[in-house]
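Undergrad: Show me the folded form of this:
(chains A and B)
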Amino acid sequence: MQLSTIRKGMRVRIEQLPQGEMRSQFIRIGLMEGVTVSCLEKLPGGTIVLGLHHQEVALSDELASAILISRL
Amino acid sequence: MEPVSTQHRPHKHLRTDAIPTDPLKPKIVLVGNPNVGKSVVFNYLSGLYVDVSNFPGTTVEVSKASYLGYEVFDTPGIYGVSSFNDEERVARDIILNGDVIINIVDAVHLERDLFLTQQLIDMGKRVGVVVNMMDEARRQRISVDLELLEKELGVPVIGTVAIKRKGLEEVHELIVRASEGIQNRALHAELHRMLSTVGSQGEALLVLEGDAIVADRHGIPPADISRREELYIDRRNRVNRILQRTVSDMETGKRLSAMLGRIAVSPLFGFPLLAVILYGVYLFVGVFVAQDVVEITEGRIGKGIVEYHIKSWVARNAATTVSIDVLDAEGDVETSRDFRFPDGTKADPGQWQDLREFRDGHDIEFGFTYDNPWLVLFFGEFGAVTMTLTYLVFLLLPLVLGFYFALSVLEDSGYLPRLATLVDRALRVIGLNGRAVIPLILGFGCVTMATITTRLLGAQREKTIATTILQLAIPCSAQLGVIAALLATAGPQATLIYSAVIFSFLVAVGTIMNRSLPGKISPLLIDLPHMRLPQLNNVTKKTLYKTYFFMKEASPWFFIGALVVSILQVTGSLVRIMGALEPLLVGWLQLPREAATAFVMGLVRRDFGAAGMFHLDLSAFQTVAALVTLTLFVPCVASLMVMLKERGVREGMVIWIGSLILALTVGGLVSQILI
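TA: So this is what the prediction gives:
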C-alpha cells in the first residue's frame, strides 16, 4: 500500500522508495527501505507528518503516494 | 598558533575564488543542517564585524568574518553535500575550499545530522564536530556518549548548548584539533586513485556521487546515479551503526515543547493557532509599529522636524514660496497663508518672523516651492533627498525592524517549518510550495522586502509566481492602513466585495501561472525542528543584521525611484501622464478626473495613491473600483527596481506591464458591473 493511505497513529514499515533524485534525499534524512515510521499527523489535503525515531518529517501527499509501505 | 591546511590541496581553482578571500588565512567553514544553531556558533566566533554577500551567480547569502588568524564562513543549512539546490551548490564550493570544517549537529537529531558529518569525513576534510542542543537531548532523555562518538568518527567532538553559550569556549580548541576522520578504506583508496584527474579527495567523492557540476570542472563524466545510491546507503548504515553504540534513549514522556510542536501541525488546532499567531504579528507590526511608532517617527520627527529644517535651511538663500496650512483639532485646514521669499528667507527676516508666529503652537502642513528646478528635484514636494530620507529612515526602518523581529522570533522558535507544512496544500493551488508562505506574509509589511525574501524559494518557477503575486495582489502595510480607512467609510458591503475581488484575483493569477509555466511545484519534504523559546540576544542580533542588509540593499532604489518621479514632476511629464490617464479613469473606471493624481502618486509610494482618494468624495462602489485598481496597480518604484534586479529586466518588465494592464482591466470591470 502507499504511504499516502496512512492514518494518524499508524506504524508502518517502508517497503519501497521511488527511484530518481528524491530517493537520495529520502536516504539522507534516514527514510530508507526497512525503516519503521509512525504517522503523527495527517492534514486535510494529505500532507503527512511522520515520526522517524526522534525526527519529525513533513511530506506532501504527492511524495507519500510514491512510497510503498506495509502495516505492522 | 599554527596555520592549518588540508593534506590534499585542490590543484585547480574553485569557483569560491569569486568571493573575496585572503589566500594567506586558513578558512574555517561552519556546516550543518538547517536549525542546528549554526548562526549562534558563527556569532560567537565572528564578534561584531560580519560581511554578508551573495554568492556569485546565486542569491544565496554567505556570511564571512574574521576570527584570530582565520577566515570564518557560515554556510546555508544543508542535509548533505551535493547539488540538489542553490544552497547546496554554494555550501559545496565553500566546503571544498575550506581548510577546517566545523560541523554543527543537533544532539536530538544525530540520526539525520551524522549523515552529513560522515560525508564530510569521507571527503577527507579536517573536521571538528559540535554536538549542540545537549540540554534538549537531556530533557528528551537521550544520552549521547561524546567520547565514544569521537572514537567512532575519528574526529574531535564537543557538546554545547549554543543558545546559552555553554561549551562554546571549547570551539577554539576544536578548530585546532580538527582532523581527518575514519574512512572506508576501499573508498579512500579509490578516491586517491582519482586524484590525478580530480583536484581533491572531496571533489573525487562528489564525482563518484554523481555531481555533474564538479565532474564538469575536471572534464570528466560524473559516476552513475546508482553509485551515489550505493554510497549513500553504505554511509547511512555506517551512521546507524555508530548511533547504536553512542546514543541511548530512555522512553520519552510528553513534553510541553513536543506537544506545542504537534499542536502546531494538527488539523484541529493548527489553523486556530496560526490565526492567533498572525493576529499577534498584526497587532505588533500592523498596529503598534505601523501606526503608533510610525506616527511619531514619520509624522512628528521625519516630516515635522527633519524635513522642515532641511527645507527651511535650503530656503535661506533660494527663491522660495512657503505655504502653511494651519490645522484644527480634527486635522482639517483652518487657515492657509503663502509666504513669498524672492531672495531667500535670510534676506527677509521680518517675513520669516511672521511665518514663525503664524505657525507656532499649531499643527501645520507645510510646503516649500523653490523657483530653481534643481532644488525642487532634490528638496521639493517629491524631492529625492527629503522624501527618501523621511520614507527610509522614519517610515520603512521601524516597519522593517518590526517585521524582521517577528520573523526572527518565529524562525528561532521552530514554528516556520510547521507553518509551511500547514499551508502547503493550499499554496499548491497557486503553484507554490509551503515555504512561500513567508514572503507572502512579509508582503503585507513591505512588498520590496518580501520580493527580496523570495530568494529562499527553491525553484525559479516558484520565485516567479511568488514575485508576481506579491507585486500584483498583496497590499503593503503602508497601503493597507489607508485602504482600511477608506473601506471603513465605504461600509461592510464594499469591504466584502473588495476582499473577494482581490482574493479571487490572487488565486486566479496563481492558478493560471501554475498551469502555464513549465515545470512543476517542488514537493514538500521538510524536517520539523523541535520548538524552543527564542533567546532575546540571538533574535536581536538577527533582526539587526537582516534590517541592516535590507536597508543597505534597498535604499539606493528608493532614492532612484524618488529621483525619477521628481524629474517627471519638474519636467512637467507628471501632468502629461495624468492627462493621458484621464479618459481611461473617467470613461472606463468611472472615477473623477482628479483620481489621476492619486494613481500616479501610487507609483512613488503606494499609500500616497490610496491617501489621494480621501479628498475625492467617492461613492462606496467607486471606492471599491478605485481601491481594486490601486491594489493591483504597479507597486512602488522601489519594489519595481528590486524586482527588476531579482527577476531580470525582461521578466520584471513583463510582470510590471502585465500588472498595469490587469489592474485597469479588473478595476474597470468591477466599476462597469457595480456602477
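Undergrad: Leaving aside the residues adjacent along the chain, what's closest to whichever residue of chain A sits closest to chain B?
TA: Of all residues in chain A, the one sitting closest to chain B is A:Gly45 (2.8 Å; Cβ to the nearest Cβ). Glycine gets a C-beta too; all of them are placed from N, C-alpha and C. Of all residues not flanking A:Gly45 in the chain, B:Arg425 sits nearest, at 2.8 Å (Cβ to Cβ, 6 or more residues apart in numbering or on different chains).
Undergrad: just checking, what packs against the lengthiest helix in chain A?
TA: Longest among the helix segments of chain A by residue count, using DSSP state H, is helix A:21-29. Here helix A:21-29 touches helix B:110-122, helix B:225-246, strand B:525-528, going by 3 or more Cβ pairs under 8 Å, 6 or more residues apart in numbering or on different chains; DSSP states H and E.
Undergrad: So which of those is the most surrounded?
TA: Highest mean neighbour count of the helices and strands packed on helix A:21-29: helix B:110-122, a mean of 25 (counted as mean count of other Cβ atoms under 10 Å in any protein chain shown).
Undergrad: Only C-alpha atoms, please: export that helix in PDB.
TA: Below are the C-alpha coordinates for helix B:110-122, written out as PDB (Å, rounded to 0.1, in the frame of the first residue of the first chain):
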ATOM      1  CA  LEU B 110      22.000  12.900  15.300                       C
ATOM      2  CA  GLU B 111      20.400  10.300  13.100                       C
ATOM      3  CA  ARG B 112      19.700  12.900  10.500                       C
ATOM      4  CA  ASP B 113      22.800  15.100  11.100                       C
ATOM      5  CA  LEU B 114      25.600  12.500  11.200                       C
ATOM      6  CA  PHE B 115      25.000  11.600   7.600                       C
ATOM      7  CA  LEU B 116      26.400  15.000   6.700                       C
ATOM      8  CA  THR B 117      29.200  14.500   9.200                       C
ATOM      9  CA  GLN B 118      30.300  11.200   7.700                       C
ATOM     10  CA  GLN B 119      30.100  12.700   4.200                       C
ATOM     11  CA  LEU B 120      32.400  15.500   5.300                       C
ATOM     12  CA  ILE B 121      34.800  12.900   6.700                       C
ATOM     13  CA  ASP B 122      34.600  10.800   3.600                       C
END
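Undergrad: Run the angle between that helix and helix B:225-246 for me.
TA: Helix B:110-122 runs at 120 degrees relative to helix B:225-246, counting by axes from the mean of the first three to the mean of the last three Cα atoms, to 10 degrees.
Undergrad: And the helix or strand following helix B:110-122, how far out from the chain middle?
TA: Following helix B:110-122 in sequence order, the next helix or strand is strand B:126-132 (DSSP states H and E). Distance of strand B:126-132 from its chain centroid, counting by Cα atoms, centre = their mean, to the nearest Å, is 29 Å.
Undergrad: And strand B:126-132, what does it pack against?
TA: strand B:100-106, helix B:110-122, helix B:146-153, strand B:157-159, helix B:171-177.
Undergrad: Show me what the helix or strand following that strand is packed up against.
TA: For strand B:126-132, the following helix or strand on the C-terminal side (DSSP H and E) is helix B:134-139. Applying 3+ Cβ pairs under 8 Å, 6+ apart, we find helix B:134-139 packed against strand B:142-144.
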